[in-house]
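K.L.:
fold the stuff below for me.
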Amino acid sequence: MKKHYISILLFGFFAMQLTAQVSYDNKADKEYDRFAYIDAIKTYERMYERGYKSPDMLLKLANAYYFSGDLENAAKYYKELFATETIVTPECYYRYAQSLKSIKEYKKADEMMAKFNKENGNDLRAKLAKSQTNYLEVIKKNSGRYDIENAGINSKYSDYGSSYYNGNLVFSTARDTGSFVKRMDPWTGEGFTNLYAASVDSDGMLANVHRAFKNLNTKFHEATPVFTKDGKTVYFTRNNYNNGKRGTDAKETTLLKIYKATLNGENWDNITELPFNSNDYSVAHPALSSDEKTLYFASDMPGTIGQSDIYKVSINDDGTFGTPENLGKGVNTEGKETFPFITEKNELYFASDGHPGLGGLDVFVSKARQDGSFKEVLNVGEPLNSSKDDFGLWFSPQTKIGYVTSNRDGGMGGDDIYKVKEKRPIEYPCEQFLSGTVADVETHEMISGAKVSLFDSSYKLLKTLTTNAKGEFDFGQVDCEAKYYIKTEKDAYNTDEITATITAATGKTIIPITIEKTLKKVTVGDDIAKAFGIKIIYFDLNKSDIRPDAALELSKILDVMMQNPTIRIDIRSHTDSRNTAAYNLKLSERRAASTKEWLIKNGVDAARLTAKGYGESQLVNKCADGVDCTEEEHQANRRSEFVIVSIQ
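P.N.:
You can find the predicted model right below:
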């Protein structure tokens, strides 16, 4: 791009303007066990009313309300949880903040969000500083990936920008091969740029240059077209001129706009400007996403961070457009970002003089994330980039052949088009893909039709999928060194949420998820504790009294018994092998009796309960007399079981 284009005529990306003189780590929710015909909220509410207000129970109750959408009640129990001054995970701050907003306690919600951001936020300034300290090493690493040569069709005038249409390369040029009177742009000393085409041979070299698109070319500048795959629609850049009328801004300068045209036979008709154009700022250099639902472009419209930024806008099914979105500081800088090109892999190539480069405009690339934002920007390296201006990259992912414009030394004119061939793909710091399966926790059968939702570390919903016939889901590419939450929902199953932590190494993260049925089927001989995922009731050494943690679990047994009055159970208590067998038998009998008494005291009919102690006769591990075992191993033997003996 000619230097006087940049410094005098325009902003650096518009080489065509005219002046008026020119005519969960595992989340607590995962630990939350739902059990036996019992709605979790009602169960924990009953436990709460009986006075069981441990931090673990408060967390589970608050989360249960949060998942069910009852944020007002969630706020109530989160408030009690935080009052216990228990250490919580960062997501608890977020959920409490959201719940507080539902009851208009905005000040408190802001306090919780501040704590959340402190614990879990990303410092963008730190990231940018880190990415720029070693930029020369990054450029060196990415260099040598292309072969580059003159494309064979350059003139002594400016030739730039590339697009592919109907077997030809379409480009912009200031040459004039057909007019007797040559109209000159007084700012450049060259003719106004029009759209030309050239044939492409099997090696990507260009020949047979000819003027094309007569209906699109005017007496002013046209450039940078992009065509839909069916070849029936084109978006292109032109000066603010249509139907014989030229528009200007307040300074009497004719800026740039993007126009759209449709093919009618052999002619391009219905030339209309896009609705977000303006006489007061420039919009230029369109690029289409692979699915043709998003248009990328460069502009200095209000909200631009620097001299020109890359934007995107959605193309609706009815042909209308959404609201343009600035790609943000990850891509844009206080300098110039322009000439976007987006690949089928959602790799955004663009030119910039704001990111660290080799001089002038360099070509950079950034890959899109799932949420539409973009990853770290990388310089594509030499020889595609040089110490001069390099911009307007277009290439075919299939052939690995493309074209870039440069005013580097050794060219034919001001800007020249060079053929490039990619020898190896760019090495991104890390690429990770996230997928998994959903299965029944008991039967291990894969579950189809489960709703699986992906959230980022701030609990923003990124994507929702349904498992296929094999119980599989695939979220595609995700960020490396990131934390995500995966929530799984299915009728007749408990909602579950897990944390997925993505590593810093390129590869695939596969998450096996198991979910539990809401209703459990039990039969005679089943242990209620095992059937419903209730923790083992443990006792202290030589003790038979009910510990606080055991009381919490016994309350679940109690709830099962109260909700199912026909079930009769046999309480079986056990000890470890320490002390004599006779002593242990007596101890286990006392433990069975104390467990039975606790249940009777809390409302269970004594006729529904039997109890027996087995001493050390039924150890669950190797820890018999004379065997050296840890305290944890001995603890596993000090337990009570709750075996169903009849269901009437």
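K.L.:
what residue ranges in the stretch 301-450 of the chain score low on pLDDT?
P.N.:
Low-confidence segments of the stretch 301-450 of the chain (pLDDT under 70): 360, 370.
K.L.:
tell me where it has strands.
P.N.:
Assigned by DSSP state E, counting those that start in this stretch, the stretch 301-450 of the chain shows strands spanning 309-314, 325-326, 337-342, 347-352, 362-367, 378-379, 390-395, 401-406, 416-422, 432-440.
K.L.:
and the ones you listed as JSON lines, adding distance to Thr575 and mean neighbour count?
P.N.:
The C-beta positions use only the backbone N, C-alpha and C, and glycine is treated the same way. What follows is those, written out as JSON lines (distance: least, CB to CB, whole Å; neighbours: other CB atoms under 10 Å):
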{"stretch": "strand 309-314", "distance to Thr575": "68", "mean neighbour count": "22"}
{"stretch": "strand 325-326", "distance to Thr575": "67", "mean neighbour count": "14"}
{"stretch": "strand 337-342", "distance to Thr575": "69", "mean neighbour count": "27"}
{"stretch": "strand 347-352", "distance to Thr575": "65", "mean neighbour count": "26"}
{"stretch": "strand 362-367", "distance to Thr575": "61", "mean neighbour count": "22"}
{"stretch": "strand 378-379", "distance to Thr575": "65", "mean neighbour count": "24"}
{"stretch": "strand 390-395", "distance to Thr575": "74", "mean neighbour count": "27"}
{"stretch": "strand 401-406", "distance to Thr575": "76", "mean neighbour count": "25"}
{"stretch": "strand 416-422", "distance to Thr575": "72", "mean neighbour count": "22"}
{"stretch": "strand 432-440", "distance to Thr575": "35", "mean neighbour count": "19"}
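K.L.:
got these as a markdown table, with distance to Tyr259 columns?
P.N.:
Formatted as a markdown table, the entries for these read as follows, by distance: least, CB to CB, whole Å:
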| stretch | distance to Tyr259 |
| --- | --- |
| strand 309-314 | 15 |
| strand 325-326 | 21 |
| strand 337-342 | 17 |
| strand 347-352 | 21 |
| strand 362-367 | 26 |
| strand 378-379 | 32 |
| strand 390-395 | 19 |
| strand 401-406 | 21 |
| strand 416-422 | 23 |
| strand 432-440 | 39 |
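K.L.:
among those strands, which is nearest Lys517?
P.N.:
Shortest distance between Lys517 and those, using CB to CB, is found for strand 432-440: 7.1 Å.
K.L.:
could you point out which element follows that closest one?
P.N.:
Next in sequence after strand 432-440, counting helices and strands by DSSP states H and E, comes strand 451-455.
K.L.:
helix or strand for the residue lying farthest from the centre of the chain, which one?
P.N.:
Most distant from the centre of the chain: Ala582, at 62.3 Å, with distances by CA atoms, centre = their mean. Counting by DSSP H and E, the secondary-structure element that holds Ala582 is helix 581-601.
K.L.:
what mean pLDDT does that helix get?
P.N.:
Computed over helix 581-601, the mean pLDDT rounds to 89.
K.L.:
name the next helix or strand following that helix along the chain.
P.N.:
Scanning forward in sequence from helix 581-601 by DSSP H and E, the next helix or strand is strand 609-613.
K.L.:
pairing partners for that following strand, with directions?
P.N.:
Each strand pairing with strand 609-613, determined using DSSP bridges, is listed with its direction: strand 567-573 (parallel).
K.L.:
contacts for the partner strand next, please.
P.N.:
Residues from elsewhere that reach strand 567-573 (CB atoms under 8 Å, 6 or more residues apart in numbering): 522, 528, 539, 560-561, 588-589, 591-592, 595-596, 599, 607-614, 639-648.
K.L.:
let's see that with 6 Å instead.
P.N.:
The list of residues contacting strand 567-573 from outside it, by CB atoms under 6 Å, 6 or more residues apart in numbering, reads 588, 591-592, 595-596, 608, 610-613, 640-647.
K.L.:
quick check: closest non-adjacent residue to Thr272.
P.N.:
If you skip the residues right next to it in sequence, Thr272 has Lys260 as its closest partner in space, 5.6 Å away by CB to CB, 6 or more residues apart in numbering.
K.L.:
give me every residue that touches the closest residue to Glu481 other than its chain neighbours.
P.N.:
Once flanking residues are discounted, Glu481 sits nearest to Ala504: 4.8 Å by CB to CB, 6+ apart. The contact partners of Ala504, by CB under 6 Å, 6+ apart, come to 430, 480-481.
K.L.:
which among those end up buried?
P.N.:
Restricting these to buried positions leaves 430, 480, with burial counted as 16 or more other CB atoms under 10 Å.
K.L.:
now distance to Leu206 too, for the contacts of Ala504, in TSV please.
P.N.:
What follows is the contacts of Ala504, written out as TSV (distance: CB to CB, whole Å):
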residue	distance to Leu206
Cys430	37
Cys480	39
Glu481	43
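K.L.:
show me where the stretch 451-600 of the chain has helices.
P.N.:
Listed in chain order, the helices found in the stretch 451-600 of the chain under DSSP state H, counting those that start in this stretch are 528-531, 548-563, 581-601.
K.L.:
Gly152 reaches Gly204, doesn't it?
P.N.:
No: under the criterion of CB atoms under 6 Å, Gly152 is not in contact with Gly204, lying 9.6 Å apart.
K.L.:
compare these two (neighbour count), which wins?
P.N.:
In this view Gly152 and Gly204 are compared by other CB atoms under 10 Å, and Gly204 has more residues nearby, 20 against 15.
K.L.:
check that one and give its pLDDT.
P.N.:
Among the per-residue scores, Gly204 holds a pLDDT of 89.
K.L.:
list the buried residues in the helix holding Ala582.
P.N.:
For helix 581-601, by 16+ other CB under 10 Å, it's 584-596, 598-599.
K.L.:
show me what that helix is in contact with.
P.N.:
Applying CB under 6 Å, 6+ apart, the external contacts of helix 581-601 come out as 539, 544, 546, 554, 558, 571, 573-575, 606, 609, 611-616, 640.
K.L.:
how far is that helix from where the chain is centred?
P.N.:
Once both centres are worked out by CA atoms, centre = their mean, to the nearest Å, helix 581-601 turns out to sit 54 Å from its chain's centre.
K.L.:
before we move on, what about stretch 105-114?
P.N.:
How far stretch 105-114 lies from its chain's middle: 26 Å, per CA atoms, centre = their mean.
K.L.:
domains of this structure?
P.N.:
The chain is divided into the following domains under automatic domain parsing: 3-21+146-352, 432-515, 528-647.
K.L.:
ok, which of those domains comes nearest Glu49?
P.N.:
That would be, of the domains of the chain and by CB to CB, domain 528-647, which comes in at 10.9 Å.
K.L.:
ends of that closest one, what's the gap?
P.N.:
End-to-end distance of domain 528-647: 12 Å, with CA to CA, to the nearest Å as the criterion.
K.L.:
between the strands of the stretch 301-450 of the chain, which gets nearest to Ile510?
P.N.:
Comparing those against Ile510 with CB to CB, the closest turns out to be strand 432-440 (5.6 Å).
K.L.:
ok, and what's touching the closest one?
P.N.:
With CB under 6 Å, 6+ apart as the test, strand 432-440 has contacts from 446-447, 450, 467, 471-475, 477-478, 480, 488, 502, 508-514.
K.L.:
can you select the buried ones from those in PyMOL?
P.N.:
Once 16+ other CB under 10 Å is used to decide burial, the buried members of those can be selected in PyMOL as follows:
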select buried, resi 446+447+450+467+471+472+473+475+477+478+480+488+502+509+511+513+514
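K.L.:
among the contacts of strand 432-440, which are in strands?
P.N.:
With strands identified by DSSP state E, the entries of those that belong to them are 472-475, 477-478, 488, 508-514.
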